[in-house]
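In: Sharing a sequence plus its predicted fold:
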Amino acid sequence: MIRMSAIVRHGMILALIAVVAAAVLIAIGLFPVSARLGHLPGVGWLLHTTYQRSVDFWSAGIDPPPLDDPALVQLGAAHFESGCRACHGAPGIPNGALAAAMLPPPPHITHAIKGWDDAELYWIVREGVKMSGMPHWPAVARDDEPWALVAFLRRVPRIRGTEYIRLAQAPAGRVAELGAIGRVANCARCHGMDGVPPMPGVVPRIDGLSAAYLAQTLRAYAARRRDSGIMAVQAVGLSETEIAALARYYAAAPVAAMTVAAPTKPALVEQGRRIALGVSARRLPVCAACHGPGTRPKSPLFPVLAGQPQVYLARQLHFFRARNRGGTSHVTLMFPIARQLEDEDIDALAAYYASLRRGG
């Protein structure tokens, strides 16, 4: 018993000495943090093992949605091109030289996704990874957005040839041909050259929106008053001159006529129509008074809703109801209105406005 106590006492003394020695090394700056030197033996293994176990633990319970929607994949590819490719390369495109000099170096995306399931990839994209250079998703409140990137990452092993360029950059490649302002290339990946998204269903149409509304929205994204990790990457850093030029460019685009498929739930569309026009049994605010249809919105700061994607419209109404939607100077008008809407009302309004033709 006495021998065991001595061993414990000596062990505690050695541990204390080690802590003091480490503190001295840190205090006087002797511990090398140079990226050239790499980690001490065993440290890399310890950090990577901790990373794997942590992701396994914290991603438990995440329930992935369907990720096979081509529009979702294309949106994820467009964001990857702007926000991720510089570090992780892309299918058929190697990592950049600066990324290769990082410690640890970011793995090429074809290797980075190996061994992770959908929930784990989502957690990594949303939360980021400490001490690795991997940031968390730029918009903390937008838990929905990272799934687009996960949908693209799931597609990566099957991407061949020029498919990545088609997914991530088209139709942005036409910008140079048209002589448009340089920043349009970033916008065009998701919103198209004419304001009609190449990935219909998940990205809003911006054809037919006023320059005033578009400029205020870009300012809101740039100032982080409106939450979106995808839009923050594009808007933060825009100058006022660039914002005004982009707003004028897209506001001047001709309103595109698009064929609208027959609604799968006509009764839901009719319910939405009655709510929007103020003829439903419930005394709800009249959406058409500000957003149409029939006439232009009362103010250039009110967006046109006809022909917007149903999923997008429903999501925005849920954000308004939760008071989780910043933006233009009139955004607070929607908070008390959305608070009166039930889930069924939101679904009906989204179905109705999505069923309307825009242009033509």
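Out: Thanks, I have it. Numbering: from 1, shown residues only.
In: Buried residues of stretch 35-50, list them for me.
Out: residue 47 (16 or more other Cβ atoms under 10 Å). The way it works is simple: take the backbone N, C-alpha and C, and place the C-beta from them, glycine included.
In: Mind checking the pLDDT average for that stretch?
Out: Averaging pLDDT along stretch 35-50 yields 82.
In: same check, this time on stretch 111-122
Out: 96.
In: End to end on that stretch, go ahead and measure it.
Out: 16 Å (Cα to Cα, to the nearest Å).
In: mind listing what's buried in it?
Out: Buried positions in stretch 111-122, judged by neighbour count with 16+ other Cβ under 10 Å: 112-113, 116, 118-122.
In: okay, now residue 327: neighbour count?
Out: A count of nearby residues for residue 327, using other Cβ atoms under 10 Å, gives 22.
In: Need the buried residues of stretch 111-122 in CSV (columns: distance to residue 298 and secondary structure).
Out: Formatted as CSV, the buried residues of stretch 111-122 follow (distance: Cβ to Cβ, whole Å; DSSP: H, G, I helix; E, B strand; the rest coil):
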residue, distance to residue 298, secondary structure
112, 49, helix
113, 48, coil
116, 49, coil
118, 44, helix
119, 45, helix
120, 48, helix
121, 44, helix
122, 40, helix
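In: of those residues, closest to residue 70?
Out: Closest approach between the buried residues of stretch 111-122 and residue 70, by Cβ to Cβ: residue 118, at 17.0 Å.
In: Give me the nearest residue to that closest one, chain neighbours excluded.
Out: For residue 118, ignoring the flanking residues on the chain, the nearest one in space by Cβ to Cβ, 6 or more residues apart in numbering is residue 64 at 4.0 Å.
In: likewise residue 59?
Out: Distances taken as Cβ to Cβ, 6+ apart place residue 123 nearest to residue 59, at 3.9 Å, with adjacent residues excluded.
In: Who are the packing partners of the helix ranked longest in the chain?
Out: Longest helix of the chain, by residue count under DSSP state H: helix 2-27. Contact partners of helix 2-27 among helices and strands, from 3 or more Cβ pairs under 8 Å, 6 or more residues apart in numbering; DSSP states H and E: none.
In: Tell me, how many residues neighbour residue 326?
Out: 16.
In: Please spell out the segments of the protein that come in under the pLDDT threshold.
Out: Low-confidence segments of the chain (pLDDT under 70): 1-4, 172-182, 258-262, 294-297, 359-360.
In: which residues sit against stretch 194-213?
Out: 69-72, 74-75, 78, 148, 170-171, 190-192, 214, 244, 247-248, 250-256, 258, 300-304, 307-312, 328, 358-359 (Cβ atoms under 8 Å, 6 or more residues apart in numbering).
In: Only whichever of those are buried, select them in ChimeraX.
Out: Selection of the buried residues among those in ChimeraX, burial being defined by 16+ other Cβ under 10 Å:
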select :69,71,72,74,75,78,148,170,190,191,192,214,247,250,251,253,255,256,301,302,303,304,307,308,309,310,311,312,328,358
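In: coming back round to it: the residue nearest to residue 59 is in what secondary structure piece?
Out: Element membership of residue 123, judged by DSSP states H and E, is helix 118-127.
In: by contact count, what packs against that helix?
Out: In terms of contacts (3+ Cβ pairs under 8 Å, 6+ apart), helix 118-127 is packed against helix 43-58, helix 146-155.
In: Is the most centrally placed residue in the chain in a helix, a strand, or coil?
Out: Central residue of the chain (Cα atoms, centre = their mean): residue 230, 3.5 Å from the mean position. What DSSP: H, G, I helix; E, B strand; the rest coil gives for residue 230 is helix.
In: Check whether it really touches residue 145, as I assumed.
Out: Yes. Using Cβ atoms under 8 Å, residue 230 is in contact with residue 145, at 5.8 Å.
In: and the host helix or strand of residue 346, which residues are buried?
Out: Per DSSP H and E: residue 346 is located in helix 343-355. Neighbour-count burial for helix 343-355 flags 345-355 (criterion: 16+ other Cβ under 10 Å).
In: any chance of those residues in a markdown table, plus distance to residue 131?
Out: Output for these, formatted as a markdown table (distance: Cβ to Cβ, whole Å):
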| residue | distance to residue 131 |
| --- | --- |
| 345 | 47 |
| 346 | 42 |
| 347 | 44 |
| 348 | 48 |
| 349 | 46 |
| 350 | 42 |
| 351 | 47 |
| 352 | 49 |
| 353 | 46 |
| 354 | 45 |
| 355 | 50 |
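In: out of those, who's nearest residue 159?
Out: Ranked by distance to residue 159 (Cβ to Cβ), these are led by residue 354 at 30.3 Å.
In: Now for that closest one: which residues touch it?
Out: Residues in contact with residue 354 (Cβ under 8 Å, 6+ apart) are 260, 307-310, 313.
In: quick one: it from residue 308, how far?
Out: 6 Å (Cβ to Cβ, to the nearest Å).
In: same thing with residue 161?
Out: 34 Å.
In: so the residue nearest to residue 118 makes contact with residue 122?
Out: Yes. Using Cβ under 8 Å, residue 64 makes contact with residue 122 at a distance of 6.7 Å.
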